[in-house]
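*Asks:* Turn this into a structure:
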Amino acid sequence: MKKKIVVCILLVWFSNSIFSQTKENVNPKGNWFFGAEIGTNKINSFEIGPSKTTFQIGFISEYYFARHWSLSGRIKYFNTGVSFYKPSTHSGSWLDLGSDESFGSFNGTVIAFPIDIKWEFRIFKNLGGSLKLGSAYTIETYRNYGNYSSNINTNFPQQYGSFNVGWGLNYFINKKVAVYLDVENYSGASKGHSDGLFGGKSYNTQNQLMNFGIKYNFKKNKEGNKGVIEVKKV
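*Replies:* Numbering: from 1, shown residues only. Okay, the predicted model is just below:
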């Protein structure tokens, strides 16, 4: 319920921003933006029990190499986890093709360094939608392996790569400031596995992050400190 309320408030804020936007269409090509983001983190890899939602934070550096395309690097801090249970399928007969029981519970905290390429498409003037795709280098700052079955070795890597995909909204308040709201899904490292008749199954960390962020362009024009960026009408 709290997440739905936050989303509604942010959507209303975006709607009100449309009516107060500048008359000029901002072209961010060739500019760097730096900012911060905060939001919710939903852990979707708990197969035992409900998913868990916490808060997460991050920082962003984004460069627009074209009007509708950008590359970004970020630092993200959030919780993650995995829980799973697969019962034994041994029949006890002379032709036993079953597999052993597998279970485990992992909780952790990570710092991730995602690099994304993003496409922004215009919706109305300075309001645009976005699609992004990227990968992240992830470091666990806290890890707790709970009750694992004896057939699983919990010596999993503390550093690993992950993949993320996202979509959202981006709005340029003016030539120097933009705000955005997006949702992204992360698929990380395996924290367990189970065997079966038709192959094994891996249990990976799965997180869904909702970000609300603000970013700023510090570039000054050639005349000095007026803080104006060249803008092309498109």
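
*Asks:* List the buried residues of stretch 130-140.
*Replies:* Across stretch 130-140, burial judged by 16 or more other C-beta atoms under 10 Å covers Ser130, Lys132, Gly134, Ala136, Thr138, Glu140. Placement of C-beta: from N, CA and C, glycine included.

*Asks:* Need the contact partners of that stretch.
*Replies:* 72, 76, 108-121, 158-170, 180, 182, 184, 186, 188-189 (C-beta atoms under 8 Å, 6 or more residues apart in numbering).

*Asks:* name the element the residue most central in space within the chain belongs to?
*Replies:* Among the residues of the chain, the one closest to the centroid is Glu184, at 3.9 Å (C-alpha atoms, centre = their mean). Using DSSP states H and E, Glu184 sits in strand 177-194.

*Asks:* Same check on Phe84?
*Replies:* strand 69-86.

*Asks:* now that strand, how far from the chain's geometric center?
*Replies:* 6 Å (C-alpha atoms, centre = their mean, to the nearest Å).

*Asks:* who does the helix or strand just after it pair up with?
*Replies:* Later in the chain than strand 69-86, the nearest helix or strand by DSSP H and E is strand 102-124. Sheet pairing for strand 102-124, assigned by DSSP bridges, gives strand 69-86 (antiparallel), strand 127-145 (antiparallel).

*Asks:* Next secondary structure after the least confident helix or strand in the chain by mean pLDDT?
*Replies:* Lowest by mean pLDDT, DSSP states H and E among the helices and strands of the chain is helix 2-19, with a mean of 50. Per DSSP H and E, the first helix or strand lying C-terminal to helix 2-19 is strand 32-43.

*Asks:* For Thr54, name its beta-bridge partners.
*Replies:* Asn41.

*Asks:* got the end-to-end distance for stretch 122-133?
*Replies:* In terms of C-alpha to C-alpha, to the nearest Å, the two terminal residues of stretch 122-133 are separated by 18 Å.

*Asks:* for it, what is the average pLDDT?
*Replies:* If you average the pLDDT over stretch 122-133, you get 95.

*Asks:* Can you select the buried ones from the contacts of stretch 130-140 in PyMOL?
*Replies:* In PyMOL, this line selects whichever of those come out buried by 16+ other C-beta under 10 Å:
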select buried, resi 72+76+108+109+110+112+114+116+118+120+160+162+164+166+168+169+170+180+182+184+186+188+189
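
*Asks:* sorry, back to before: surely the residue nearest to the centre of the chain is in contact with Gln206?
*Replies:* No: look at Glu184 against Gln206 with C-beta atoms under 8 Å: they stay out of range, at 11.9 Å.

*Asks:* excluding its backbone neighbours, what's nearest Pro28?
*Replies:* Nearest residue to Pro28 in three dimensions, chain neighbours excluded: Tyr64, at 4.1 Å (C-beta to C-beta, 6 or more residues apart in numbering).

*Asks:* these two touch, right, the one you found and Gly30?
*Replies:* Yes: applying C-beta under 8 Å, one finds Tyr64 in contact with Gly30, separated by 6.8 Å.
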